[in-house]
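Trainee: below are the sequence and a predicted model; questions follow.
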Amino acid sequence: MRVRNGGRAIIAVVIASAALVGCTSRSTTSSNATTSSRPVPPSSGGGGVTGSTVLNAVAPADGSFLVHGSYPSSPSRCKHAKPPRLLARYPGKLTIVRSGDGTLGVTVTLPFESYLDGLAEVPSSWPAAALEAQAIAARSYALAETGWHGPAGGTLANPICATTSCQVYGGIPVPLEKTTHRWYAAVHRTAGQVLMYGERPADTVYFSTSNGHTYGNDQVFGSDPLPYLRPVPEHDDHASPESHWTVQLPFSDLTSFLRAAGEWPGGPRITRAQVHGGTVDLSGAGVTRSVDLDTLRSDVNEWSPCLSPGRYPPAGWNGVQLAETIPSAWMTATAAPTALVVRGRGWGHGVGMVQWGAYGKAKRGLTAAEILSFYYGGLRPTSYPEPGLIHVRVASGLTSITLRASAAGASVGPHHVGTAPVVVTGGSAITVSGPGLAP
């Protein structure tokens, strides 16, 4: 559920952390972590094989770890392909677990309100009422998703993921953005405020941009209908780049994308298209293929930024790059002489609060409570006991991790560490190495 700077959000559906290059990356960098899959010998600073499948790293008091993670290298057909990297700054405790294949996963345990501080769902420059509505919706969703029912200050037993399959948790921004303090202030002003349905926090799902209205949860997710997730009209999300979009796919490009996806054979090129309802009939040099629009959308979204990264996704109506080449299934297609033209509206699953709609309503002067009441069937914020700590799964599949503490007083396993880098490597065992390690 992320809105990028200029407009994107979705809740319920991607992979590993908000700092993965090629995913929903906050920033990119190269890592100085070793990528060997074998344990490395301890450096002159100490360390070595831990003999365990779990390693705990505790940040200094009121401090954090800057985390660089490396993933296994793999061949790619994409132009200008860059290996994925993890770059993030996390407070609290990191639990590093070695999987059976030797790769490393990272879970962060931190105060619940600090978790909300680190969400990367909407631009922090947005109006205060929209930020407050987002903070309350995110708090409610996290409690509902994890099944929280404990006493105030307890620890959530169930972890939450850090991606758009849950909520995008990015940690402390790297680098820190000028307006980040506005998001922090919205989280703190709404501390303890939750939307409730009966005795439980409401499942306050949300998404980026509508096609003119929202949908019921039963229509999209197939779950039993909830009275606070009913369809409502949307007239306030027109500032989103995805509010209305038109994408031209020249037949030469479409040939490349569908060929890569296995939907079009090698050799001939597509030279003609005919649209029949939800199906596109493609032909060229005596070859004909029929592709349904949902499959075409999926193939184009996967391969267009990979094979033509300079042109896809294209810019939206306001010059801001679209979230995806074909942002949503709320679309129609028409055939032009040399291209397939796709027009549509919106981005996201369509249920609950429209984040760009909340932006527009805040611009019109609505309060956070009024915004939330509109989208969630009249529910209004109320106080509810919060957990003290939450576990957040931030990454998996790493070959190595470089940790750099923000100040003295941190520990990595049994070692006390300063601000010098510490390298944790996977493989047949977890290995810790780096300057300044002490027992």
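Mentor: That came through, no problem. Numbering: from 1, shown residues only.
Trainee: C-alpha from now on. contacts and neighbour counts both.
Mentor: Fine.
Trainee: next helix or strand past the top helix by length along the chain?
Mentor: Scanning the chain for the helix with the most residues, using DSSP state H, yields helix 128-146. The first helix or strand that comes after helix 128-146 along the chain, using DSSP states H and E, is strand 160-161.
Trainee: how close does the residue of the chain positioned farthest from its centre sit to A261?
Mentor: Each residue of the chain has a distance to the centre, and by Cα atoms, centre = their mean the biggest one is for G286: 42.9 Å. Relative to A261, G286 is positioned 20 Å away (criterion: Cα to Cα, to the nearest Å).
Trainee: with S64 instead?
Mentor: S64 sits 42 Å away from A261, taking Cα to Cα as the criterion.
Trainee: in what helix or strand does A369 lie?
Mentor: Under the assignment here (DSSP H and E), A369 is part of helix 368-375.
Trainee: for that helix, list the C-alpha coordinates in CSV.
Mentor: As requested, C-alpha coordinates have been extracted for helix 368-375 and formatted as CSV (Å, rounded to 0.1, in the frame of the first residue of the first chain):
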residue,chain,number,x,y,z
ALA,A,368,-9.2,13.2,9.5
ALA,A,369,-12.3,11.9,11.4
GLU,A,370,-14.6,13.0,8.6
ILE,A,371,-12.3,11.4,5.9
LEU,A,372,-12.3,8.1,7.7
SER,A,373,-16.0,8.2,8.4
PHE,A,374,-16.7,8.6,4.7
TYR,A,375,-14.7,5.6,3.6
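Trainee: before we move on, back to that, tell me which of S64 and A261 has more neighbours.
Mentor: Between S64 and A261, counted using other Cα atoms under 10 Å, S64 has the larger neighbour count: 23 against 17.
Trainee: hang on, the more buried one packs against V108?
Mentor: No - in this structure, S64 sits apart from V108 without contact. The criterion is Cα atoms under 8 Å, and the distance is 11.0 Å.
Trainee: between these two, which contacts overlap?
Mentor: Overlap between the neighbourhoods of S64 and V108 consists of 90-92, taking contacts as Cα atoms under 8 Å, 6 or more residues apart in numbering.
Trainee: show me which of those residues is closest to G426.
Mentor: Among these, Y90 lies closest to G426 (Cα to Cα), at 20.2 Å.
Trainee: wait, a strand at the closest one?
Mentor: Yes - note on Y90: a strand contains this position according to DSSP: H, G, I helix; E, B strand; the rest coil.
Trainee: what ranges of this structure fall below the confidence cut-off?
Mentor: Per-residue confidence for the chain (pLDDT under 70) gives these ranges: 1-51, 436, 438-439.
Trainee: ok, 90 please
Mentor: When residues are selected by pLDDT under 90, those of the chain lie in 1-52, 73-77, 79-85, 149-151, 174-177, 267, 434-439.
Trainee: residues in contact with the longest strand along it: which ones?
Mentor: The strand spanning the most residues in the chain, taking DSSP state E as the definition, is strand 389-398. Taking Cα under 8 Å, 6+ apart as the criterion, the residues outside strand 389-398 that touch it are 16-17, 69-72, 103-112, 115, 153-163, 169, 426.
Trainee: give me the PyMOL select line for those, limited to the buried ones.
Mentor: In PyMOL, this line selects whichever of the contacts of strand 389-398 come out buried by 16 or more other Cα atoms under 10 Å:
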select buried, resi 16+17+69+70+71+103+104+105+106+107+108+109+110+111+112+115+155+156+159+160+161+162+163+169+426
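Trainee: who's in contact with N211?
Mentor: With contacts defined as Cα under 8 Å, 6+ apart, N211 is in contact with 234, 243, 330, 344-346.
Trainee: again, but for Y71
Mentor: The contact partners of Y71, by Cα under 8 Å, 6+ apart, come to 35, 83-85, 397-400.
Trainee: do the same with V108
Mentor: For V108, counting by Cα under 8 Å, 6+ apart, the contacting residues are 90-95, 391-394.
Trainee: which one among the residues you listed gets closest to N56?
Mentor: Distances from N56 to these, taken as Cα to Cα, are shortest for T95 (4.7 Å).
Trainee: for that closest one, which non-adjacent residue is closest in space?
Mentor: By the measure of Cα to Cα, 6 or more residues apart in numbering, the closest residue to T95 outside its immediate chain neighbours is N56, 4.7 Å from it.
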